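Engineer: prediction below, plus the sequence it came from.
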Amino acid sequence: MASAGCIAFIATAATACGTAQQISAGVKVQRAVDKLGEQKAVTTSLGLDATQQQIWTALKGEKGFTQDDAKTLAGLDVSVSMSSTKPLKDSKTRSVAFQLSLGSQKDLLEFRSVGQKFYVRADLKKLMSVGGGSSQDIKQFQSMVTAAGKLPSSYQSVKDLIGGKWITIDLKSFQEFAKTMGVNTPAPSTSTLDAKTQQQVADAVKKAIGDSAKFKDTGSRNGADHVSVTIPADKAAAALVQGLKPLQKQLPKGFSPSDLQKNAPAKDIVLDLAVKNGTLSSVTVDLATFDKNAKGKLPLTIGFATDVQAVKAPAGATTLNPQDIMGAMMQLMTGSSSTSLKGLGLSGLN
């Protein structure tokens, strides 16, 4: 969402620049964004461009923030890949992949959505560690892994899930199973806003920004042309809220335009855009601008790579059915391994 928001902002802001001094930079940005949308596959990466010490210096005044948190943020990498048989700007159906990594601990969490299939693999033990799980919780989880290894081969998908291997899920079957259990769980969707709503959002952004966005060429570095975009955040946010209000019903659930105004600082926001080979390659913004308590810079970089392969279904994924999970739980709870479920809050089911 952050990358999509940046692209929408940049594209509409570029078309809004009107002074002679800004036209060259604005046109360069507009063309760079257009070229990105012409690709059939794009990978967006997101991460803080700061060391553990720099993050600690900036955020050590935040309540509950620790050195371990700083270490986690410094090593955290998120990437989202999209691909289609058509240029992404014209495509309604896209294959999507999400990957979460932490330093040298690659593939901490990954999922892919290809067609109607949903694929997942996760290193649950490392996720528990990163998420602040206690040593006791991790020990109990390891006991569960050991117990799961003794399950019959008919529960191979459950064993693969716990063991960090690829499994595939039929979202429709899980949704139907949830209904039989009296739970209504809408299936996740990777679809985008319809074309009409997208245009209305773009128009609202363009009107909100107007001539307030200032573009400036800042030279070439590391093989890329750089352009800075400056905008008064609070004024633009207030105008954008008004522009999006009529579209509230069409926007994603849980998103409120008023939140934009609440979180917008009363200061200028400066984005650094890198354009390489005519295509937008990265956007960098200092997150400390949004935090009045920050004691240093927190540059967040959103990178865009176009020399990537299309998102494909992983090989060897086993199919996980909801009945498999229930059956495996019963096997574990009726065996000597039932105590290993305490750390997961399932012992009460025995």
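Structural biologist: Sure, I can see it. Keep in mind that what you see is a predicted model, and the values were worked out from it rather than measured. Numbers count the residues shown, from 1 in each chain.

Engineer: break the protein down into its structural domains.
Structural biologist: 1-39+197-305, 95-191+307-337 (automatic domain parsing).

Engineer: chain center to the longest one: distance?
Structural biologist: Between the centre of domain 1-39+197-305 and the centre of its host chain there is 17 Å, according to C-alpha atoms, centre = their mean, to the nearest Å.

Engineer: tell me the mean pLDDT for that domain?
Structural biologist: Across domain 1-39+197-305, pLDDT averages out at 77.

Engineer: hang on, isn't residue 169 packed against residue 320?
Structural biologist: Yes. With contact defined as C-beta atoms under 8 Å, residue 169 reaches residue 320; the gap is 5.5 Å. C-beta here means a position set from N, CA and C on the backbone, and glycine is covered the same way.

Engineer: make TSV from the domains of the chain and add mean neighbour count and distance to residue 82 to it.
Structural biologist: Formatted as TSV, these follow (neighbours: other C-beta atoms under 10 Å; distance: least, C-beta to C-beta, whole Å):
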stretch	mean neighbour count	distance to residue 82
domain 1-39+197-305	17	9
domain 95-191+307-337	15	6
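
Engineer: looking at the ones you listed, spot the one closest to residue 87.
Structural biologist: Across those, residue 87 has its closest neighbour in domain 1-39+197-305 (4.9 Å, C-beta to C-beta).

Engineer: how about TSV for the domains of the chain, with distance to residue 47 added?
Structural biologist: Putting the domains of the chain into TSV (distance: least, C-beta to C-beta, whole Å) gives the following:
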stretch	distance to residue 47
domain 1-39+197-305	6
domain 95-191+307-337	9
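
Engineer: of all the ones you listed, which lies closest to residue 80?
Structural biologist: domain 95-191+307-337 (5.4 Å).

Engineer: restricting to C-alpha, output the helix ranked longest in the chain in CSV.
Structural biologist: Ranked by number of residues, the top helix in the chain under DSSP state H is helix 20-37. Extracted C-alpha coordinates of helix 20-37, given in CSV (Å, rounded to 0.1, in the frame of the first residue of the first chain):
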residue,chain,number,x,y,z
ALA,A,20,8.7,26.8,-15.8
GLN,A,21,11.4,25.8,-13.2
GLN,A,22,9.6,22.6,-12.4
ILE,A,23,8.4,21.4,-15.8
SER,A,24,11.6,19.5,-16.7
ALA,A,25,11.7,17.6,-13.4
GLY,A,26,8.0,17.0,-13.3
VAL,A,27,7.9,15.6,-16.8
LYS,A,28,10.9,13.3,-16.0
VAL,A,29,9.0,12.0,-13.0
GLN,A,30,5.7,11.5,-14.9
ARG,A,31,7.4,9.5,-17.6
ALA,A,32,9.3,7.4,-15.1
VAL,A,33,6.1,6.5,-13.3
ASP,A,34,4.3,5.8,-16.6
LYS,A,35,7.1,3.5,-17.7
LEU,A,36,6.9,1.6,-14.4
GLY,A,37,3.2,0.9,-15.1
